[in-house]
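# pasting the sequence and the predicted model now:
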Amino acid sequence: MSFGFFLGTYANVIYEFLFELYVFTALFTFRLNRKRLFLLRLFAGFAAMLVIGYGAMVVYHFIGLTVWGRVLIYFVLFVCVIAHCRICFAESMWMVLFSCDMAYAAQNLVYKIYLTLWCAALNFGIFPAGYPAFVFKICYYTFFLLCAAGVYFLFARRTYKFLLHRKQDYRTIIVSFVILAITVILCSVEDVSFLPLSVGVENRFDEPLLYHIRQAGNLFSIACCIVVLLYLSGLLEKRDLQEEIDRMQYNMKQMEQQYAISKDTIEQINIKCHDMRHKVRSLIGGNAPDELDRDLAEAIKIYDANIRTGNKILDVILTEKSLYCERNDITLSCMVDGDKLGFMRESDLYCLFGNIIDNAIEAVRAIGDMDKRVIDITAKAHGDMLIVQEENYFTGKLTFDDGLPVTTKADKAYHGYGMKSIRMIARAYGGEMTAGVDGDKFRLSVLLDCGGASSRKSR
């Protein structure tokens with residue numbers, strides 16, 4: 001065998017595999033944190049892979065036509081790609097394994113889909129026996145690029161936002177790795193077993209039974225690769241959703257505790273202020289100077305600031321928030337019929353209005369114009385439905401994702417749950433939440449179903 005023939009035969013096998021694997025690896029590692037001197041590490045790794053690839057070509061010449069020889073070669077190349085990624089990215093080993101696992105599954109999926117179609121074309125006479133080799137290459141790489149775009153939109157792009165937490169479940173990755181390893185072994189068994197049974201060119205068969213067995217193996221490999229991709233991306237999404245629910249439940253628990261503290265504090269303040277008013281009046285006998293009257297009135301103003309809506313829980317929330325607003329030069333305007341909110345559980349009511357007002361306060365605090373540091377809240381009943389509406393001014397640009405305003409805080413993974421909690425509560429009571437902007441004014445509407453409230457409240 002000449003050196004040129006040796007290079008032409010095995011370079012196609014090894015370097016094409018590495019090229020395809022690197023394309024998909026790039027799709028799944030694009031958003032990972034990079035180490036210093038990333039480009040130097042990247043191209044130095046490519047140079048090393050060229051050398052390793054040449055060594056793999058030599059080994060392939062001797063053991064590439066055996067099942068375990070082929071499995072060993074591809075496994076070593078895959079491990080080398082993992083090591084290359086580990087050198088380039090400032091991520092945990094599990095994060096790198098996750099990304100490379102997805103990439104290998106995608107590469108094998110695309111190859112097997114094309115092989116299934118190509119095998120059918122050969123055996124149904126769509127391509128003649130003596131077709132030029134470049135025809136296969138043109139068809140394959142056109143198909144490859146289209147499938148790479150499909151993998152990006154279906155899998156890679158979906159996983160980017162869930163990779164923000166930088167936490168991976170090693171058990172998930174191990175299970176998917178085992179499935180992928182079984183798939184690669186079966187593929188090697190197929191390729192090695194059916195090569196001598198082919199007629200003229202690889203994957204053309206005289207016996208229909210051989211063709212059907214070959215295609216069954218291809219389809220099984222395709223199914224396994226899809227399982228790996230769906231398993232990894234699906235569990236990642238499910239875990240992210242569970243973490244989001246846990247955070248919202250934790251936030252609601254914290255608000256329940258805050259409500260208990262606020263209720264007790266305000267009650268104690270009201271008692272002290274009430275007693276103070278009567279004691280001061282009895283001591284001075286109504287003959288105090290005007291200046292002293294003003295000072296005393298200011299000192300016990302907190303008692304008069306107590307808001308009464310007809311709902312004790314809501315009174316605590318609004319009183320607490322109104323005192324904060326007063327200290328920070330914010331006008332809080334409330335027109336709420338508290339009697340109509342009696343169908344809600346205490347924790348839900350406190351969490352709903354607490355989050356609404358807290359978000360509004362955060363927005364208006366950034367406004368310098370005192371005339372716009374205003375928060376308007378109304379709650380009105382219409383038949384079996386109750387509508388809570390809130391308006392406030394804001395500065396800057398507000399963007400929305402899935403109907404919710406995107407948090408402006410730097411740590412987006414751990415903020416923005418106030419609006420999600422509001423929507424969760426609205427849906428728990430058979431309603432919905434909508435939000436929007438009109439110029440520099442933010443508007444929030446929460447629709448709640450009062451009907452059947454007793455069954456929900458008793459849960």
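Nice, thanks for sending it over.
# in whichever strand or helix holds residue 82, what's buried?
When elements are assigned from DSSP states H and E, residue 82 belongs to helix 67-88. Across helix 67-88, burial judged by 16 or more other C-beta atoms under 10 Å covers 67, 69-74, 77-78, 80-82, 84-86, 88. For every residue, glycine as well, the C-beta is placed using N, CA and C.
# assign a three-state SS to residue 188, would you?
Classification of residue 188 using DSSP: H, G, I helix; E, B strand; the rest coil returns helix.
# dump the residue contacts of it.
67, 68, 70, 71, 74 (C-beta atoms under 8 Å, 6 or more residues apart in numbering).
# can you list the domain ranges for this structure.
3-249, 308-457 (automatic domain parsing).
# TSV please, covering those domains and showing mean pLDDT.
Shown next, in TSV, are the domains of the chain (pLDDT from 0 to 100):
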stretch	mean pLDDT
domain 3-249	81
domain 308-457	82
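# contacting residues around residue 173?
94, 97, 98, 101, 232.
# most neighbours, which of these?
residue 232 (27 neighbours; other C-beta atoms under 10 Å).
# how about the helices in the stretch 1-150 of the chain?
3-29, 38-63, 67-88, 93-123, 133-151 (DSSP state H, counting those that start in this stretch).
# between helix 133-151 and the longest one, find me the angle.
So the one you mean is helix 93-123. For helix 93-123 against helix 133-151, the angle between stretch directions is 140 degrees (axes from the mean of the first three to the mean of the last three C-alpha atoms, to 10 degrees).
# how about the second one?
Between the axis of helix 38-63 and that of helix 133-151 there is an angle of 130 degrees, by the same axes, to 10 degrees.
# helix 38-63: how far from the chain's middle?
Distance of helix 38-63 from the chain centroid (C-alpha atoms, centre = their mean, to the nearest Å) equals 35 Å.
# if we can go back for a sec, contact partners of the helix holding residue 82?
By C-beta under 8 Å, 6+ apart, helix 67-88 touches 14, 17-18, 21-22, 25, 29, 34-35, 38, 41-42, 45, 48-49, 52-53, 56, 59-60, 62-64, 93, 96-97, 99-100, 103-104, 181, 184-185, 188-189, 191-192.
# in ChimeraX, how would I select just the buried ones from these?
The buried residues among those can be selected in ChimeraX (16+ other C-beta under 10 Å) with this line:
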select :14,17,18,21,22,25,29,41,42,45,49,52,53,56,60,64,96,97,99,100,103,104,184,185,188,191,192
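# distance to residue 328 for the contacts of residue 173 - can I get that in TSV?
As requested, these are exported to TSV (distance: C-beta to C-beta, whole Å):
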residue	distance to residue 328
94	45
97	49
98	45
101	51
232	47
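# isn't there a helix covering residue 391?
No - per three-state DSSP, residue 391 lies outside any helix segment and is strand.
# measure it to residue 441 for me?
Residue 391 sits 6 Å away from residue 441, taking C-beta to C-beta, to the nearest Å as the criterion.
# between these two, tell me which one has more neighbours.
A side-by-side neighbour count of residue 391 and residue 441, using other C-beta under 10 Å, places residue 391 first with 17 against 14.
# which residues does that one bridge with?
Listed by DSSP bridges, the beta-bridge partners for residue 391 are residue 376, residue 443.
# contacting residues around it?
Applying C-beta under 8 Å, 6+ apart, the residues contacting residue 391 are 375, 376, 441, 442, 443, 444.
# looks like the second one contacts residue 393 (just checking).
Same thing as residue 376. No - look at residue 376 against residue 393 with C-beta atoms under 8 Å: they stay out of range, at 10.2 Å.
# these two: which has the busier surroundings?
residue 393 (19 against 16).
# count of neighbours near the closest residue to the more buried one other than its chain neighbours?
Spatially, and ignoring its direct neighbours in sequence, residue 393 is nearest to residue 372 (4.1 Å; C-beta to C-beta, 6 or more residues apart in numbering). Residue 372: 15 surrounding residues under other C-beta under 10 Å.
# residue 372 and residue 366: what is the separation?
10 Å.
# now residue 23
Taking C-beta to C-beta, one finds residue 23 at 45 Å from residue 366.
# one more: residue 230?
Distance of residue 230 to residue 366, computed by C-beta to C-beta: 43 Å.
# before we move on, what about residue 345?
Distance from residue 345 to residue 366, by C-beta to C-beta: 33 Å.
# so which of these two has more stuff around it?
residue 345 (18 against 12).
# am I right that residue 433 is in a strand?
Yes - counting by three-state DSSP, residue 433 is found in a strand.
# okay, now residue 135: neighbour count?
So residue 135, with other C-beta under 10 Å, has 11 neighbours.
# now residue 386: closest residue in space that isn't a chain neighbour?
Using C-beta to C-beta, 6+ apart, the closest residue to residue 386 is residue 448 (4.6 Å).
# got it, and residue 65?
residue 192 (6.3 Å).
# got it, and residue 38?
Nearest-residue entry for residue 38: residue 88, 6.0 Å, with adjacent residues in sequence omitted and distances by C-beta to C-beta, 6+ apart.
# buried set for stretch 148-155?
Quick answer for stretch 148-155 (16+ other C-beta under 10 Å): 148, 151, 152, 155.
# surely the last one is in a strand?
No - secondary structure of residue 155, determined by three-state DSSP: helix, with no strand assignment.
# quick one: distance of the helix or strand containing residue 388 to the chain centre.
Using DSSP H and E, residue 388 sits in strand 385-393. Offset of strand 385-393 from its chain centre (C-alpha atoms, centre = their mean): 29 Å.
# repeat for stretch 151-161
Distance, centroid of stretch 151-161 to centroid of chain: 11 Å (C-alpha atoms, centre = their mean).
# can I get the CA coordinates of it in CSV?
The C-alpha trace of stretch 151-161 is given here as CSV (Å, rounded to 0.1, in the frame of the first residue of the first chain):
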residue,chain,number,x,y,z
VAL,A,151,-29.1,20.8,16.1
TYR,A,152,-28.2,24.3,17.1
PHE,A,153,-31.8,25.5,17.1
LEU,A,154,-33.3,22.4,18.6
PHE,A,155,-30.8,21.5,21.3
ALA,A,156,-27.7,23.8,21.7
ARG,A,157,-29.6,27.1,21.8
ARG,A,158,-32.2,25.7,24.3
THR,A,159,-29.5,24.6,26.7
TYR,A,160,-27.6,27.9,26.8
LYS,A,161,-29.9,29.6,29.3
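# what's the offset of stretch 60-76 from the middle of its chain?
Using C-alpha atoms, centre = their mean, the offset of stretch 60-76 from its chain centre is 39 Å.
# what of stretch 320-340?
Taking mean C-alpha positions (C-alpha atoms, centre = their mean), stretch 320-340 and its chain are 35 Å apart.
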